[in-house]
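S.K.: next comes the sequence, and after it the predicted model I'd like to discuss.
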2 protein chains.
Amino acid sequence: MNIEMIRAAYARGKGTVRRTPLLSSPFLDEIAGRKLFLKAECLQHTGSFKFRGGWSALSGMEPDKRAKGVIAFSSGNHAQGVALAAKMHGVSAVIIMPEDAPRVKIENTRALGAEVVLYDRGSEDRDLIGDKLSKERGLTLVKPFDNSFVIAGQGTCGIEIAEQAKEEGIERAEVITCCGGGGLTSGIAMALESDAPNFKVRTAEPVGFDDVARSLHTGAIQRNNALTGSICDAIITPQPGDLTFPIMHRLCGAGFAVSEEETLRAMALAFERLRVVIEPGGAVALAAALFHGSDLNEDTVIVTASGGNVDKDVFMRALATLE
Amino acid sequence: MNIEMIRAAYARGKGTVRRTPLLSSPFLDEIAGRKLFLKAECLQHTGSFKFRGGWSALSGMEPDKRAKGVIAFSSGNHAQGVALAAKMHGVSAVIIMPEDAPRVKIENTRALGAEVVLYDRGSEDRDLIGDKLSKERGLTLVKPFDNSFVIAGQGTCGIEIAEQAKEEGIERAEVITCCGGGGLTSGIAMALESDAPNFKVRTAEPVGFDDVARSLHTGAIQRNNALTGSICDAIITPQPGDLTFPIMHRLCGAGFAVSEEETLRAMALAFERLRVVIEPGGAVALAAALFHGSDLNEDTVIVTASGGNVDKDVFMRALATLE
């Protein structure tokens, strides 16, 4: 895993992966107490950064292998990213999804041409299901984060952040990422290490599901005690990845853990001030920047809004936090 | 009014005016029955394309004149665009707004440093109020659409559409604009006449407030019968402008009129499929493309989402149209 792999993924995605805007609002700057920029990956194809990794994996695969089809397991965003990338390459995709994933994510994955297999997040091991199906049908497994092509794809988001920050005249910043298994975080951290070495990456997670923050703090991989019970479905993973954690440990600062209330409030402020739709798991970095400013060190903070696939009922709960 | 004025406004806005993304979704293509692209001006600074015109007017003004301050009248989006452009130039702004404008627009205009004067949309003439105040205080009036610098600023959106369409490989398209007084429409039409001559601009308005469509149809300026009673506050104007109408008449095809139900449904689909927040007046073009496809002639349609400043209650009404 190195910066050249990220640059190669960037080149393969040119003209296909959307360059998402870096948004800002004087109203959010005021709440955060510093300049705040939001990298709107919710506007990426399929509504999350996961298309970057899916496209990178499919476009970087040997054609003969790719032609047999791919398989992925995902709470929804990786599913859609891989499904669309497979469809655009004209190959089949099987997606294993938890049965409690947001309806819109399951439907969208099916509508993008993938075969969806549902499992119980509490009692079944998605890795075992994935291994079995991939062997039976000769499919190539595209892991959601512990795959160097996927990490490289997510890292293209970091190349864009460095470019866009330069255009904005930003010389130093903390970059907060919404962190599940660490694919986006490690990819961005490697890209910024090379292209914006004065930027420090930090992670955000929900309170009670902060395996990455605890792992970074202790220096060894820690697991979450529970895998259900958070509205941030997109970023609840058992533990950081074997490939991603060493990168995060080397490059990232201390992680944030934000409450559900802060997350919903961040979604509402993004609606009101930036006019973008962010899902709970994609709003934790913004929540950290807005409501945990005393733990930030720089005058500029950049957050990823990593996805926007949210059911209307959850979004209405967020809107209800507006006066 | 000519293309060189638009190119000059584009040059003055470089690095300040946001280049908004051109978004798409296979799900919306399916509903529209053709390729559909949305120019997300709701992501522009202040949440609407109006910042383009405001910035163009202020940056194009003689410095001595500008230093005395500016005045504008607006239902809200032009207000915010001018207020921010004035703030960024370090000059004062007085904004005359209808008292029934969305609360968020009034508050935002004040928060951007402008002095807000409210009036009754049904009984008072905003032009008279504006003329009086500008004479009393030596302020320069920045009209919302009948001002060549403002039209030139809005036209920069058309330059971007032509560039982005080329990147997408689009050779022919209909471009539907959300149309109030015609500043955005005439600016885009002039830009595309030069930069994408195979593109045809068409307008969208709410049913019952389709002064532009009727004016285009009859070849002479027609007035709206009412100025209240639509959720599309941003685009309800008495009649097309004296500067904008001749341009629209020369360059535009037949206009669309869409229902309130179609508008709310378009807002909901933009939430679900594009993850952007659009206000009612900014959603009529998308509604036309999605639900009036039988009146379209090309395989590709591009719509402007001209603004995203919407109160949560109206947005919840839109979300309620989702199953």
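M.R.: Here it is on my side, so go on.

S.K.: packing partners of the strand or helix carrying A:Thr156?
M.R.: Secondary structure from DSSP states H and E places A:Thr156 in helix A:148-167. Judged by 3 or more C-beta pairs under 8 Å, 6 or more residues apart in numbering or on different chains; DSSP states H and E, helix A:148-167 is in contact with helix A:3-13, strand A:22-23, strand A:35-40, helix A:50-59, helix A:183-195, strand A:199-206, strand A:300-305. (C-beta placed from N, C-alpha, C; glycine too.)

S.K.: on contacts alone, who are the packing partners of the longest one?
M.R.: For helix A:183-195, the helices and strands in contact under the criterion 3+ C-beta pairs under 8 Å, 6+ apart are helix A:3-13, helix A:148-167, strand A:173-178, strand A:199-206, helix A:244-251.

S.K.: comparing those, which comes out most buried?
M.R.: strand A:173-178 (a mean of 29; mean count of other C-beta atoms under 10 Å in any protein chain shown).

S.K.: using CSV, list the CA coordinates for that strand.
M.R.: Listed next in CSV are the C-alpha coordinates belonging to strand A:173-178 (Å, rounded to 0.1, in the frame of the first residue of the first chain):
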residue,chain,number,x,y,z
ALA,A,173,-5.7,21.8,8.9
GLU,A,174,-7.2,18.9,10.9
VAL,A,175,-9.1,16.5,8.7
ILE,A,176,-11.8,14.6,10.4
THR,A,177,-13.1,11.4,8.7
CYS,A,178,-16.2,9.3,9.5
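
S.K.: quick one: name the residues of the stretch 1-150 of chain A near chain B.
M.R.: A:15, A:18-21, A:23, A:26-27, A:40, A:42-43, A:47, A:84, A:104, A:108, A:111-112 (C-beta under 8 Å from any C-beta of the partner chain).

S.K.: which among the residues you listed count as buried?
M.R.: By neighbour count, with 16 or more other C-beta atoms under 10 Å in any protein chain shown, the residues of the stretch 1-150 of chain A next to chain B hold A:18-21, A:23, A:26-27, A:40, A:42-43, A:47, A:84, A:104, A:108, A:112 as buried.

S.K.: narrow those residues to those in helices?
M.R.: The members of these that map onto helices under DSSP state H are A:26-27, A:84, A:104, A:108.

S.K.: list the contacts for A:Val104?
M.R.: A:309-311, B:272 (C-beta atoms under 8 Å, 6 or more residues apart in numbering or on different chains).

S.K.: ok, which stretches of the stretch 201-323 of chain A are helices?
M.R.: Ranges of helices within the stretch 201-323 of chain A are A:211-218, A:244-251, A:260-274, A:280-291, A:312-319, based on DSSP state H, counting those that start in this stretch.

S.K.: most packed of the ones you listed?
M.R.: Most buried among the helices of the stretch 201-323 of chain A, counting by mean count of other C-beta under 10 Å: helix A:280-291, with a mean of 29.

S.K.: on that earlier part again, out of the buried ones among the residues of the stretch 1-150 of chain A next to chain B, who's nearest chain B?
M.R.: Proximity of these to chain B (C-beta to the nearest C-beta) peaks at A:Cys42, which lies at 4.4 Å.

S.K.: how near is the closest residue to the closest one other than its chain neighbours to B:Gly138?
M.R.: Nearest residue to A:Cys42, sequence neighbours excluded (C-beta to C-beta, 6 or more residues apart in numbering or on different chains): A:Gly308, at 2.9 Å. From A:Gly308 across to B:Gly138, the span is 47 Å (C-beta to C-beta, to the nearest Å).

S.K.: of the two, who's got more company?
M.R.: Between A:Gly308 and B:Gly138, counted using other C-beta atoms under 10 Å in any protein chain shown, the more crowded position is A:Gly308 (29 against 10).

S.K.: quick check on that one: phi, psi?
M.R.: Phi and psi for A:Gly308, reported as degrees, to the nearest 10, are phi -140, psi 30.

S.K.: do the same with A:Pro240
M.R.: Torsion angles, degrees, to the nearest 10, at A:Pro240: phi -60, psi 160.

S.K.: ok, it - contacts?
M.R.: Contacts for A:Pro240 (C-beta under 8 Å, 6+ apart) come out as A:181-182, A:211-212, A:215, A:221, A:248.

S.K.: now do the same for it: its pLDDT.
M.R.: Listed pLDDT for A:Pro240 reads 96.

S.K.: with adjacent residues omitted, what lies nearest to it?
M.R.: A:Gly182 (4.7 Å).

S.K.: distance check, that neighbour against A:Cys252.
M.R.: 9 Å.

S.K.: these two touch, right, A:Met88 and A:Thr16?
M.R.: Yes. Shown here, A:Met88 and A:Thr16 form a contact pair, counting by C-beta atoms under 8 Å, at 7.4 Å.

S.K.: state the phi and psi torsions of A:Val94.
M.R.: phi -110, psi 130.

S.K.: quick check: bridge partners of it?
M.R.: A:Ile71, A:Glu115 (DSSP bridges).

S.K.: contact partners for it?
M.R.: Taking C-beta under 8 Å, 6+ apart, we find A:Val94 in contact with A:69-72, A:114-115, A:117, A:133, A:137, A:139.

S.K.: and these, which is closest to chain B?
M.R.: Once C-beta to the nearest C-beta is applied, the member of those that ends up nearest chain B is A:Ala114, at 12.9 Å.

S.K.: neighbours around the residue nearest to A:Gln80 when sequence neighbours are not counted, how many?
M.R.: The shortest distance from A:Gln80 to any non-neighbouring residue, by C-beta to C-beta, 6+ apart, is to A:Thr46 (3.9 Å). By other C-beta under 10 Å, the residues close to A:Thr46 number 28.

S.K.: measure A:Val310 to chain B for me?
M.R.: 9 Å (C-beta to the nearest C-beta, to the nearest Å).

S.K.: residue numbers of the stretch 151-300 of chain A in contact with chain B?
M.R.: Close to chain B, as judged by C-beta under 8 Å from any C-beta, the stretch 151-300 of chain A has residues A:167, A:268, A:271-272, A:274-278.

S.K.: what about the closest residue to A:Asn108 other than its chain neighbours, how many residues close to it?
M.R.: Spatial nearest neighbour of A:Asn108, excluding adjacent residues (C-beta to C-beta, 6+ apart): A:Gln80 at 5.4 Å. A:Gln80 has 29 neighbouring residues, counting by other C-beta under 10 Å.

S.K.: which parts of stretch A:126-141 are buried?
M.R.: Residues A:126, A:130, A:133-134, A:139-141 are the ones in stretch A:126-141 that count as buried (16+ other C-beta under 10 Å).

S.K.: circling back: and the two most separated of the ones in helices among the buried ones among the residues of the stretch 1-150 of chain A next to chain B?
M.R.: A:Pro26 and A:Leu84 (35.3 Å; C-beta to C-beta).

S.K.: okay, now the domains of chain A?
M.R.: Per the record, chain A has its domains at A:3-48+A:148-319, A:51-141, by automatic domain parsing.

S.K.: picking that back up, more crowded one of A:Met88 and A:Thr16?
M.R.: A:Met88 (17 against 13).

S.K.: element containing the more buried one?
M.R.: Element membership for A:Met88 (DSSP H and E) is helix A:77-89.
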